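> pasting the sequence and the predicted model now:
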Amino acid sequence: MDYLRTLGSAAVSSIVQKSGLNLPFSLGRRLPPLDGLALWTLYDATKRDDGSPVSVFEFNSQQRRSLLPVAQNALRKLRVTRHPDVVKFMDAVEADGTVYIVTERVRPLSAELLSWEGKPMKDRQDWLLWGLHRITNALSFINSSCNAAHGTVRSSSIFLSVSGEWKLGGFELFSNPSEPTAVLATYAGDMNVHRMPESERGGWAALKDGPIAATDSYALALLISTLFNPSDSHPTFLNPPYNPPQPSARGAIPPSVWPSFKKMLNPNPKGRMTPKAFLDVGMAESLGEGGGFFKENRLFKICEGLEGFGLMADGERSTLLRTIKEASPTLPATFATYLVLPTLLTSLSHSTMATSASSIIPLVIQLGTYVPPDEYRKLVLEPIVKLFANPDRGTRMALLDALPEFAEKLDKQTVSEKIWPNLQTGFADTVPLLRESTVKAIGLLTDKNTRRKVLGAACAKALKDNFPPARVAALMACMACASLFDMEELAGKVIGLVAGALVDKEKTVRDQAFKAVAMFVKILEENAATMPETTFTGDGPGTVGISTPNGSAQATLASSAAGAAGALAGWAISSIGKKFAPGDLQADIAAPAMHPPPVPGGTKPVSSNLQAAPAVPTGSKPKGMQLSSHKASVPGALPAELGGGVRWGGDLMDVSADADDWNDFESAPAGAANLGTSIVGLGFDGAGDDEDPWGAFEDPTPAPIPIPVTELTAAPIPVLAPGRPVTTQSSRPARVAALSPSPSPSPRASPLASPVVSQRAMSSAASVSPPSTTPTPSTAGMTKEEKAAEIARRKEERKQRIAQLKEQKKNAVVEKG
């Protein structure tokens, strides 16, 4: 049948093109005939200029030329009649006896009535009463404001809009019956209008003498009977002598409508209830006797509430939303999809609706189940996705709570470009519940988001959240995202990320962490079962390969093993050295315990991390380091913290600089001032000359090792006493000493020096008698007043020491001069 309809529309388009007529629309599917009269042929069509859907009513005068005036009257009246409950006129074309009326997209009521036959009676009554309210409202407007009668009120003259709203059409007999040229009295018989009592007695001309609304009142009563009792096509009260209908004839007509229904069937046209009076009774505040049937209709309440939805108080809005939610399972699909749903989504864009977002968004998702699949994205998803840009917390929480209902319908591009940039702001929100819900959303969008690094960072941040449910949600999100990570990432990063939660203070977090780790380990075990036992072929170096993300695993492992072996050997040496006397240890520490074998040619090995220092000519005076100076040290000298400079040996400070920081000097340990423990001689000089690296521990009196010049010039050697300057000379080139693997006992402890430096330093220190200092008491456990007194005492003591040093230096200069 649809194929024949398509052929019919194509034939009409072909005829129109051959006639040279340029229509502003393109005809589509032809709908079934409206009634047995077949005055109009209805098509689904589209406008040529913008492609919007429209309906086209076509009248062909070749078939019913006598009714051409009726079609022309319908065109004229519909063009000038504008009302929300009347089919909306958009365009018209009239040529060669053919009339085209272009209106909004509509469909006949007769087709929709068939779909409601199997519905519950209460739901069907609500829908019919809601539609009758629209038709009665249109008739009241025509009778009162237009001062005319519609003339053909019947089911074939009623249409449904895209949103399911009832619209009145069929304006063929629209006229004022009292006018001499009224088409109602002339063509009523040709249009198969049902005869009324007055027309039975005096013919159609009798309509001119009665009230204008009388014809439409009687026709409206017949429409009510047809809609509620479709099986009783011709009840007995419609036949002469037109007795009042009996209660047994009520059928499915609602009891509240029955009294008004009987009044509209009054045989006397002057005593007949008008459509306006019927509308007033239906809109009465009190149900009373046969009143309020429109006002109390739930579909009517929903439509009336949606018109002023933005102006309602919060209580009224909540009541309306509750009504919609309760009625949603029985709402007409088109009513819910195209009337209620768009209004609710539009309201969410206003800031005043934020308080109702938690009720509106779930309702929107519920109503979205009625939307056809091909229109779901346009009508539901796109408006909801735009709401993620709304900064209101109530709206965001409602979206996150409803996300499971529509997450599967989202595509990757929408999530990555429109949802995720706005969603990730919730990770740092100040409301803990919102942070938790945001983390939970990660698991729902894992297969839609390709940003693995962003997901990992979000989970890591959520695991540090001080809100325990947020940490639990982060663990669940990590588990949901497990399929997105490579095995290397899962083993090297994700498990380490989650492992910290195994000792969380909250039991719920710990339990979830153990579940997550168990899940990850199981995944890795399954993956390991598919991996080869080994990838070593024997052709490469003799190192073990470990599958890591980078390619330098083998070299890293080898170097790490060598470093570990060196550290263990150094620890062993230091442990053995503790058994010897301090004097023996000073002599033996310079033995080549960990030096590499001698290099051929008599040259000595140099550390791979340091460059050899150039030789310093004999007798040259090197430039020493200054206290608090940031200048580069002499090449080849070791850093102070590694034993390359004398920190406490000698007068390294400028006593004239009162502004310098003396805190380190005051808090230095007592042994730091002993020049016998200078940290100059850390290196194992001459290590390549000894064939037995362990011989140093057997020889209690080794020969003194000359110290390179660069090691002695790490700091300037000041004049310590009058007439006894200390100079530094060396007859050997400077050489970088190899670092000992033995760790220093503490950052302030000075490594042991060679005997040469110790003797020289001791002889220099003999000329200076530094002021005796008492051990500095600790401030731990002191009160605030005691700490203040201790600090004041230390400052005073420091001033005295500085003054004493200045006086000694002044006297030394005077004696020298």
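Received, thanks. If you're wondering where the values come from, they're calculated on a predicted model, not measured in any experiment.

> low-confidence bits of the stretch 351-500 of the chain, can you list those?
449-454 (pLDDT under 70).

> all helices of it, in order?
357-367, 373-376, 382-386, 393-406, 412-414, 420-423, 432-444, 452-463, 468-480, 487-489, 495-499 (DSSP state H, counting those that start in this stretch).

> tell me what angle the helix or strand following the last one forms with helix 452-463.
So the one you mean is helix 495-499. As assigned by DSSP states H and E, the chain's next helix or strand after helix 495-499 is helix 507-529. Angle of helix 507-529 versus helix 452-463, following axes from the mean of the first three to the mean of the last three CA atoms, to 10 degrees, is 150 degrees.

> got the buried residues for helix 507-529?
Val509, Arg510, Gln512, Ala513, Ala516, Val517, Phe520, Ile523 (16 or more other CB atoms under 10 Å). All C-beta spots, glycine's among them, are computed from the backbone N, C-alpha and C.

> could those residues be laid out in JSON lines, adding distance to Asp411 and pLDDT?
Shown next, in JSON lines, are the buried residues of helix 507-529 (distance: CB to CB, whole Å; pLDDT from 0 to 100):
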{"residue": "Val509", "distance to Asp411": "34", "pLDDT": "91"}
{"residue": "Arg510", "distance to Asp411": "37", "pLDDT": "93"}
{"residue": "Gln512", "distance to Asp411": "30", "pLDDT": "91"}
{"residue": "Ala513", "distance to Asp411": "33", "pLDDT": "91"}
{"residue": "Ala516", "distance to Asp411": "28", "pLDDT": "90"}
{"residue": "Val517", "distance to Asp411": "33", "pLDDT": "93"}
{"residue": "Phe520", "distance to Asp411": "29", "pLDDT": "90"}
{"residue": "Ile523", "distance to Asp411": "27", "pLDDT": "91"}
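
> packing partners of the helix of greatest length in the chain?
In the chain, taking DSSP state H as the definition, the longest helix is helix 784-816. Applying 3 or more CB pairs under 8 Å, 6 or more residues apart in numbering; DSSP states H and E, one finds that helix 784-816 contacts helix 663-667.

> and the helix it packs on, average pLDDT?
For helix 663-667, the mean per-residue pLDDT is 42.

> stretch 136-156 now?
The model assigns stretch 136-156 a mean pLDDT of 94.

> and the helices of the stretch 351-500 of the chain, which is most packed in?
helix 468-480 (a mean of 23; mean count of other CB atoms under 10 Å).

> that one vs helix 452-463, what angle?
Going by the same axes, to 10 degrees, helix 468-480 makes 150 degrees with helix 452-463.

> what helices and strands are in contact with helix 468-480?
helix 432-444, helix 452-463, helix 495-499, helix 507-529.

> which one of those lies nearest to Arg272?
helix 432-444 (62.3 Å; CB to CB).

> got a list of contacts for that closest one?
For helix 432-444, contacts defined as CB atoms under 8 Å, 6 or more residues apart in numbering pick out 393, 396-397, 400-401, 403-404, 407, 423-424, 426-429, 449, 455, 458-459, 462, 465-467, 469-470, 473-474, 476-477, 479-481.

> ok, stretch 475-492 next?
Contacts of stretch 475-492 (CB under 8 Å, 6+ apart): 439-440, 442-444, 446-447, 452, 455-456, 458-459, 462-463, 493-494, 497-498, 501, 509, 512-513, 515-516, 519-520, 523-524, 527, 547-549.

> ok, 7 Å please
Applying CB atoms under 7 Å, 6 or more residues apart in numbering, the contact partners of stretch 475-492 are 439-440, 442-443, 446, 452, 455, 459, 494, 498, 501, 512-513, 516, 519-520, 523-524, 527, 549.

> related to what we said a few turns ago, okay if I get the helices and strands packed on helix 468-480 as JSON lines plus distance to Val162?
Listed next are the helices and strands packed on helix 468-480 as JSON lines, based on distance: least, CB to CB, whole Å:
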{"stretch": "helix 432-444", "distance to Val162": "33"}
{"stretch": "helix 452-463", "distance to Val162": "41"}
{"stretch": "helix 495-499", "distance to Val162": "52"}
{"stretch": "helix 507-529", "distance to Val162": "49"}
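
> Leu379: which of those helices is closest?
helix 432-444 (21.6 Å).

> returning to what we had before: avg pLDDT for the longest helix of the chain?
Rounded mean pLDDT across helix 784-816 is 86.

> what comes up buried for it?
Buried-residue list, helix 784-816, by 16+ other CB under 10 Å: Arg794, Arg801, Ile802, Leu805, Gln808, Lys809, Ala812.

> what do you get for stretch 269-289?
269, 272-283.

> about what we covered before: and of the buried residues of helix 784-816, the nearest to Ala327?
Arg794 (83.9 Å).

> if I look at the closest one, how far off is Gln800?
Per CB to CB, to the nearest Å, Arg794 is found 11 Å from Gln800.

> the nearest residue to Asp314 once chain neighbours are set aside: neighbour count?
Among residues not flanking Asp314 along the chain, Thr355 sits closest, at 6.2 Å (CB to CB, 6 or more residues apart in numbering). Counted with other CB atoms under 10 Å, the neighbours of Thr355 add up to 15.

> could you pull out the helices for the stretch 151-300 of the chain?
Going by DSSP H, counting those that start in this stretch, the stretch 151-300 of the chain shows helices at 183-187, 197-202, 214-228, 258-264, 275-282, 298-307.

> least reliable of the ones you listed going by mean pLDDT?
With a mean of 84, helix 197-202 has the lowest mean pLDDT of the helices of the stretch 151-300 of the chain.

> that one: which residues count as buried?
Pro197, Glu198, Ser199.

> please, which helix or strand holds Lys119?
Judged by DSSP H and E, Lys119 forms part of no helix or strand.

> hang on, Leu227 packs against Leu128?
Yes - assessed by CB atoms under 7 Å, Leu227 is found in contact with Leu128 at 5.2 Å.

> show me whatever sits in contact with both of those two.
In contact with both Leu227 and Leu128: no residue, using CB under 7 Å, 6+ apart.

> ok so, going back, out of the helices of the stretch 351-500 of the chain, which comes closest to Arg48?
Using CB to CB, the nearest of these to Arg48 is helix 373-376, at 23.0 Å.

> which other residues reach the closest one?
By CB under 7 Å, 6+ apart, helix 373-376 touches Gly368, Lys409.

> can you dump the C-alpha atoms of that helix in CSV for me?
Presented in CSV, the C-alpha positions along helix 373-376 are these (Å, rounded to 0.1, in the frame of the first residue of the first chain):
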residue,chain,number,x,y,z
PRO,A,373,16.0,5.7,18.2
ASP,A,374,16.7,7.8,15.2
GLU,A,375,15.7,11.0,17.0
TYR,A,376,17.1,10.2,20.5
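
> returning to that earlier point: and among the helices of the stretch 151-300 of the chain, the most buried is which?
Mean neighbours per residue, mean count of other CB under 10 Å, is largest over the helices of the stretch 151-300 of the chain for helix 214-228, with a mean of 23.

> tilt between that helix and helix 275-282?
Computed by the same axes, to 10 degrees, the angle between helix 214-228 and helix 275-282 is 50 degrees.

> nearest to Gly118 among the buried residues of helix 197-202?
Pro197 (36.2 Å).

> per-residue pLDDT, Thr776?
63.

> can you classify Ala92 as helix, strand or coil?
Put simply, Ala92 is strand when judged by DSSP: H, G, I helix; E, B strand; the rest coil.

> now it, which residues is it bridged with?
Here Ala92 sits in beta bridges with Ile101, going by DSSP bridges.

> how close does it sit to Asp85?
Noted for Ala92: a distance of 21 Å to Asp85, by CB to CB.

> likewise for Asn527?
Counting by CB to CB, the gap from Asn527 to Asp85 is 67 Å.

> equivalent analysis for Asn297, please.
15 Å.

> looking at these two, which is more packed in?
Shown here are Asn297 and Asp85; by other CB under 10 Å, Asn297 has more neighbours (22 against 19).

> show the pLDDT at the residue lying closest to Lys301 once chain neighbours are set aside.
Nearest residue to Lys301, sequence neighbours excluded (CB to CB, 6+ apart): Thr323, at 6.2 Å. pLDDT, Thr323: 91.
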